[in-house]
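Engineer: Below are the sequence and a predicted model for it; my questions follow.
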Amino acid sequence: DGNTPAAFHAKCDNKGATIVVAKIENSEQIVGGYNPLYWNSSNCNMSIIDSFIYFFADKNNYETAKVSYSNGNEYSIRNYSGKVSYSNGNKYSIRNYSGYGPIFGGGNDLIYCSDGMWYCNRGIYSSYHKIDGMPTGGFNVNDYEVFQVIEK
């Protein structure tokens, strides 16, 4: 439906909880994240304990899945067998900026930029613990989808 930040915000703003799924170009890898709140164009940040980012090393093998949660505790960092890790949950868990697509984390832990590139960057303001094997720096994706999550 359009691969721009403007198209993302037109389709996804104020829709409630969503999950982002992005297929990394020339690989079998999947990255994404879960936002239990909402997206908007307010140029603000939100903290939430239930958000997470994830990585599949092989989209055909669910056992390669790794998840990093933002737990809302500013001082808690835990790592369980490299599969699930908890971060500091700082105020940048979810970021809403009109010139960007989905942004997870203050360190731009997972971000879709206006240049059409996706980035996984680790910075001093990271909100999610590092996921082993997840690409770092910039990369292209074949496509990405954002799904609305509806509670029953």
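Structural biologist: All right, it came through fine. Please read all numbers here as calculations on a predicted model, not as lab measurements. Residues are numbered from 1 along each chain as shown.
Engineer: from here on, contacts and neighbour counts on C-alpha atoms
Structural biologist: Will do.
Engineer: show me the contacts for the closest residue to Val21 other than its chain neighbours.
Structural biologist: Nearest non-adjacent residue to Val21, counting by CA to CA, 6 or more residues apart in numbering: Gly32, 4.7 Å away. Listed by CA atoms under 8 Å, 6 or more residues apart in numbering, the contact partners of Gly32 are 19-22, 53-55, 110.
Engineer: do Ser41 as well
Structural biologist: With CA under 8 Å, 6+ apart, Ser41 has these contacts: 9, 13, 96-98.
Engineer: Please name the nearest non-neighbouring residue to the residue nearest in space to the middle of the chain.
Structural biologist: In the chain, the centroid-proximal residue (CA atoms, centre = their mean) is Gly33; its distance is 3.6 Å. Distance criterion CA to CA, 6+ apart; nearest residue to Gly33, sequence neighbours excluded, is Ile53 at 3.9 Å.
Engineer: Quick check: the one you found vs Lys152, distance?
Structural biologist: Counting by CA to CA, to the nearest Å, the separation of Ile53 from Lys152 is 23 Å.
Engineer: Which one's more surrounded, these two?
Structural biologist: Just comparing Ile53 and Lys152: by other CA atoms under 10 Å the higher neighbour count belongs to Ile53, 27 against 3.
Engineer: Brilliant, that's me finished.
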